[in-house]
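K.L.:
Just need the structure, nothing else, for what follows:
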Amino acid sequence: MTFTERVCAELMELPIKKNCCRRALSAGLLLPAMRQSASCVILPCRREAMADFAKGVFEKTYSKTAEMNIIGFHGHRQWQLVLPSPAASKLTAQLREDGADIDELLHLSECESCRAAFLRGLFFVSGTVNDPQKSYHLEFVLPSEESADAVTNYLSSIGYPPRRIARNTGVGLYYKDATSVADLITLMGSHSIIFEFYNARIASDIRNNENRATNCVARNIQKSVAAAARQMEAIGRLMESGKLDSLPEPLRQTALLRYRNPDATLDELKDLHRPPISKSGLSHRLQKLLDEAEE
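P.N.:
Residues are numbered from 1 along each chain as shown. Predicted structure coming up:
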């Protein structure tokens, strides 16, 4: 079972307690539907369980018997619901009109449960979500620009403006940031799956932090090795030219300690001095040696 199917399975178990919420759920299911006529709509479903669920919702909402057919589609089986309902057909047309206002049509802002029900219905028939252990991606695919515009406006109005992409089957509205994906799954009503999502996100964050720390250490080591190599080269030139013997005693001491301890870190090298010096004092001396070698 895919992660999308697992999310859907959990969401289908949620009870619908009020008629307004059932209408909102039906509206979400209808958005991707094909309007065959003024009295009939056809809803394609990717999975049999989803078709059975939608059939039950429609029949309770519109008091009409929905017919379920199985057809071949691009080499795959698809379940198709035929709902003979003028009311459903009218709502489908309204939802897909240019400039349609979903909130105004369905009064979603008046009931928090209606908002969740609408998003569930939309996700059931047009949504996918990736396994968070692999990547963060939640997407709704709408059949037309008009329906995509309406959903975009609604999602933006509740604080989740989606990105947009052309798909072979329509227009994709998607999210790739973990926060939006998790928030929308929670908003739809998931309770158990979302904990799995958060656990995967925490594990991913830990891995990323470990990688960043490892990379940071590696970069620091590379910088230290390169700096030590420059210092050794400069001290070698000072020795060859005889200039080292004419330098002040503190500089000669630092040069000889570095030359004899090429792998020592700055912390280790400063502690070798007698008396010990500060790290900033050591850095100043090493820079002075580089400058002397260049003169």
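K.L.:
For stretch 139-147, list every residue counted as buried.
P.N.:
139-143, 146-147 (16 or more other Cβ atoms under 10 Å). Heads up, the C-betas are built off the backbone N, CA and C, glycines and all.
K.L.:
Tell me which of these fall in strands.
P.N.:
Among the buried residues of stretch 139-147, the members falling in strands (DSSP state E) are 139-142.
K.L.:
what's the closest of those to residue 51?
P.N.:
In terms of Cβ to Cβ, no member of these lies closer to residue 51 than residue 141, at 17.5 Å.
K.L.:
Identify the bridge partners of that closest one.
P.N.:
On the basis of DSSP bridges, residue 141 is bridged to residue 172.
K.L.:
Using the record, which stretches count as separate domains in the chain?
P.N.:
Following the assignment in automatic domain parsing, the chain carries domains at 3-191, 217-294.
K.L.:
which one of the ones you listed lies closest to residue 205?
P.N.:
domain 3-191 (8.9 Å).
K.L.:
That closest one spans what distance, first to last residue?
P.N.:
In domain 3-191, first residue to last residue: 14 Å (Cα to Cα, to the nearest Å).
K.L.:
How far away from the center of its chain is that domain?
P.N.:
21 Å (Cα atoms, centre = their mean, to the nearest Å).
K.L.:
and what of stretch 232-240?
P.N.:
Distance, centroid of stretch 232-240 to centroid of chain: 53 Å (Cα atoms, centre = their mean).
K.L.:
I figured residue 27 hits residue 121, correct?
P.N.:
Yes: between residue 27 and residue 121 there is a contact under Cβ atoms under 8 Å: 6.5 Å.
K.L.:
Show me where the stretch 151-295 of the chain has its strands.
P.N.:
Using DSSP state E, counting those that start in this stretch, the strands of the stretch 151-295 of the chain run over residues 163-167, 170-175.
K.L.:
quick one, which of the ones you listed is packed in tightest?
P.N.:
strand 170-175 (a mean of 20; mean count of other Cβ atoms under 10 Å).
K.L.:
what's that one in contact with?
P.N.:
32, 136-145, 147-148, 151-152, 155, 160, 162-166, 181, 184 (Cβ atoms under 8 Å, 6 or more residues apart in numbering).
K.L.:
and residue 54, how many residues sit next to it?
P.N.:
26 (other Cβ atoms under 10 Å).
K.L.:
meant to ask about residue 135, not that
P.N.:
Residue 135 has 11 nearby residues by other Cβ under 10 Å.
K.L.:
What distance do you get for residue 275 to residue 281?
P.N.:
11 Å (Cβ to Cβ, to the nearest Å).
K.L.:
More neighbours: which of the two?
P.N.:
Looking at residue 275 and residue 281 with other Cβ under 10 Å, you find the greater number of neighbours at residue 281, namely 14 against 4.
K.L.:
and the more buried one, what is it in contact with?
P.N.:
Neighbours of residue 281 in contact, by Cβ under 8 Å, 6+ apart: residue 270.
K.L.:
if we can go back for a sec, ranking the domains of the chain by mean pLDDT, which is last?
P.N.:
Mean pLDDT across these is lowest at domain 217-294; the value there is a mean of 83.
K.L.:
The nearest residue to residue 147 once chain neighbours are set aside: neighbour count?
P.N.:
Distance criterion Cβ to Cβ, 6 or more residues apart in numbering; nearest residue to residue 147, sequence neighbours excluded, is residue 96 at 4.6 Å. For residue 96, the count of nearby residues is 22 (other Cβ under 10 Å).
K.L.:
Next, the contact list for residue 96, please.
P.N.:
Residue 96 touches 31, 35, 144, 146-147, 150, counting by Cβ under 8 Å, 6+ apart.
K.L.:
how about a cut-off of 10 Å?
P.N.:
Counting by Cβ atoms under 10 Å, 6 or more residues apart in numbering, residue 96 makes contact with 30-33, 35, 142-150.
K.L.:
Tell me the one of those nearest residue 191?
P.N.:
Once Cβ to Cβ is applied, the member of those that ends up nearest residue 191 is residue 31, at 24.8 Å.
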